[in-house]
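Trainee: Fold the following, please.
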Amino acid sequence: MNEPPTIEESAQEPAAEPAAKAIGGPATHAEASRQRRDLVSGEVMDEARLIRFVAGPGGGVVPDLARKLPGRGLWVAADRASVATAAKKGGFARAAKAKLTAPADLADLVEALMLKRVLDGLGLARRAGDLILGFEKVQASIAAGKTAWLIEASDGADDGRRKMLQVVHRLPVQPRLLGLFTSDELSLALGLGNVIHLAFLAGRGAERWTIDVERLSGFRPLLPTSWREEA
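Mentor: Numbers count the residues shown, from 1 in each chain. Presented below is the predicted three-dimensional model:
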């Protein structure tokens, strides 16, 4: 009779879907049980806190941020130190019990892919009608309590951002703040010009996008250092 898989084995099985589709909680019992073991620390945690990797055709380690690539999943905590350690100390080969090689700059590659994924998510959100643009419209959305994220261009004017944050700070429940991208990067992602202020409306789209942003935060701060006290 077949034995059920151990945690170590199930931690490396491929996942068909993201672990949590909403930050407020999983929609089904199956989603609630989707946990994997981080191959670096040995900690069992929700898939939303991990990066999935698979073995590529040439024996290289390939990040699978969408969790759709075929093959046995190798799971690492979504932070720079964990990915760098797994690459440097042969963690992927040990977990896969196979000869695998990981580039020394794997953490940089994951960060770049995560940045693109988060920006692409904004483009999808605009097409879905989940974004509000423009200073006055964003302020109104925040004041109405409809905003999950305030996204400000990192090179936008200090005065405009501070006025926006004054509205945020008056609310009992405040939207989160992101200042990772320049106006040019935001404009390119949205297919628009001169994008400075964005509101990501609360809802399922924002909840899914938040999972990617939180994973990205393990590789890069979400705010410029000069904004920390303002936020």
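
Trainee: what about the protein, any weak spots by pLDDT?
Mentor: Along the chain, segments meeting pLDDT under 70 span 1-33, 231.

Trainee: which stretches of it form strands?
Mentor: Secondary structure of the chain by DSSP state E: the strands cover 35-37, 44-46, 50-55, 61-63, 74-77, 131-133, 147-152, 176-178, 197-201.

Trainee: residues in contact with the fifth one?
Mentor: By CB atoms under 8 Å, 6 or more residues apart in numbering, the list of residues contacting strand 74-77 from outside reads 11-12, 36-41, 43, 45, 47, 49-55, 61, 82-83, 86, 91-92, 95-96, 218. All C-beta spots, glycine's among them, are computed from the backbone N, C-alpha and C.

Trainee: Provide the strand pairings for that strand, with the direction of each partner.
Mentor: Paired strands of strand 74-77, with direction, are strand 50-55 (antiparallel) (DSSP bridges).

Trainee: Buried residues, the partner strand. List them.
Mentor: 50-55 (16 or more other CB atoms under 10 Å).

Trainee: a markdown table please, covering those residues and showing distance to residue 200.
Mentor: Listed next are the buried residues of strand 50-55 as a markdown table, based on distance: CB to CB, whole Å:
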| residue | distance to residue 200 |
| --- | --- |
| 50 | 23 |
| 51 | 23 |
| 52 | 25 |
| 53 | 28 |
| 54 | 30 |
| 55 | 35 |
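
Trainee: correct me, but residue 173 touches residue 145?
Mentor: Yes. Residue 173 lies in contact with residue 145 (CB atoms under 8 Å); the separation is 6.9 Å.

Trainee: Those two: who's more crowded?
Mentor: Neighbour count, other CB atoms under 10 Å: between residue 173 and residue 145, residue 145 has more, with 12 against 6.

Trainee: I figured the more buried one hits residue 174, correct?
Mentor: No. If you go by CB under 8 Å, residue 145 and residue 174 don't touch, sitting 9.6 Å apart.
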